[in-house]
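J.: next one to model:
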Amino acid sequence: MRFPTPLVPARLIRRYNRFLSDAELESGEVVRAHCPNPGAMLGLKEPGLRIWLEPNDDPKKKLKYGWRLAELPGGHWAGIDTAVPNRVVKEALEGRGIAELAGYAHVRPEVKYGVKSRIDFLLQQQGLPDAYVEVKNVHLRRDGDWAEFPDSVTARGARHLEELSAMAAAGHRAVMLYLVQRTDCERLRLAGDIDPTYARAFDAARAAGVEMLCYGTRISTEGVDLGEALPVDPAPQAPRGTGT
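T.: All right, here's what the predicted structure looks like:
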């Protein structure tokens, strides 16, 4: 996935009101930028962080910049835009770039299913069971090379796991695909201390036959592409003492 407009560097002043941020361009100009991320963004919103913005000249948009990337220690990167994973995964699915799902020729985005939900991608191929694929953006890192999800409570995410479980019970393939939008992580586990309900739903879904996949990304100021497959922690993810 390529950024349509060249990005410009800046320093983060603050991120606030969920979808807004202030940043200082290299020229010294202070601008307001759209922050396309409703999550907590733990570790990615500290003042002074070097970030990259995408400018636009669309008269319909109130904000002329969108926050896309954050630079991390050691030459690493994090993607900020939570809409990017679906675009990256769509390109990968259409290019047969995800080994576990490479047998499907037909990729349909945003198909209605479950209870008032839409699956991110419905994959179909003659002779194969339909595959329902939900994509989640991951960019929380707190310990070592572990990526963690979620970074805030997500009742909607837990519902998605329940609906995928129902698809698996009906004989379909049900896949939860976590895309790690940062380059300093090598494996995935759940942040059960942040959202134990989601962790319990994850354990139940995996036991019900939902496939848990995780992929990393390659990130630069040019764009974001699918990286290598990353292992998902095989241990139960719900914190002890939170029930079943």
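
J.: point out where the protein drops to low pLDDT.
T.: Low-confidence regions of the chain, defined by pLDDT under 70, span residues 241-244.

J.: what about M1, how many neighbours?
T.: Neighbour count of M1, defined by other Cβ atoms under 10 Å: 20. Backbone N, C-alpha and C define where each C-beta goes, glycine included.

J.: ok, it - contacts?
T.: Residues in contact with M1, defined by Cβ atoms under 8 Å, 6 or more residues apart in numbering, are 84, 87-88, 91, 223-225.

J.: hmm, try it at 10 Å
T.: Residues touching M1, when contacts are defined by Cβ atoms under 10 Å, 6 or more residues apart in numbering, comprise 79, 81, 84-92, 217, 222-226.

J.: please indicate which of those residues are buried?
T.: 79, 81, 84-86, 88-92, 217, 223-224, 226 (16 or more other Cβ atoms under 10 Å).

J.: note down every partner strand of whichever helix or strand D225 is part of and its orientation.
T.: When secondary structure is defined using DSSP states H and E, the element that contains D225 is strand 224-229. Paired strands of strand 224-229, with direction, are strand 211-219 (antiparallel) (DSSP bridges).

J.: how about the residue lying closest to D120 once chain neighbours are set aside, secondary structure?
T.: Closest residue to D120 apart from its sequence neighbours, by Cβ to Cβ, 6 or more residues apart in numbering: V135 at 4.7 Å. For V135, the secondary-structure state derived from DSSP: H, G, I helix; E, B strand; the rest coil is strand.

J.: I'd say V135 and V88 touch.
T.: Yes - the pair V135 and V88 qualifies as a contact (Cβ atoms under 10 Å) at a distance of 8.7 Å.

J.: doesn't F202 fall inside a helix?
T.: Yes - with three-state DSSP as the criterion, F202 is part of a helix.

J.: contacting residues around it?
T.: Listed by Cβ under 10 Å, 6+ apart, the contact partners of F202 are 149, 157-158, 161, 176, 189-190, 192, 195, 210, 212, 232, 236-238.

J.: break the protein into its domains for me.
T.: 8-79, 84-229 (automatic domain parsing).

J.: now do the end-to-end distance for the first one.
T.: It stands for domain 8-79. Taking Cα to Cα, to the nearest Å, the span from the opening residue of domain 8-79 to its closing residue is 15 Å.

J.: repeat that for the longest one.
T.: For domain 84-229, the first and last residues are 18 Å from each other (Cα to Cα).

J.: got the contact list for L12?
T.: Taking Cβ under 10 Å, 6+ apart as the criterion, L12 is in contact with 21-24, 33, 35, 44-51, 53, 67, 70.

J.: and the longest helix along the chain with strand 211-219, angle?
T.: For the chain, the longest helix by residue count, based on DSSP state H, is helix 155-169. Computed by axes from the mean of the first three to the mean of the last three Cα atoms, to 10 degrees, the angle separating helix 155-169 from strand 211-219 equals 130 degrees.
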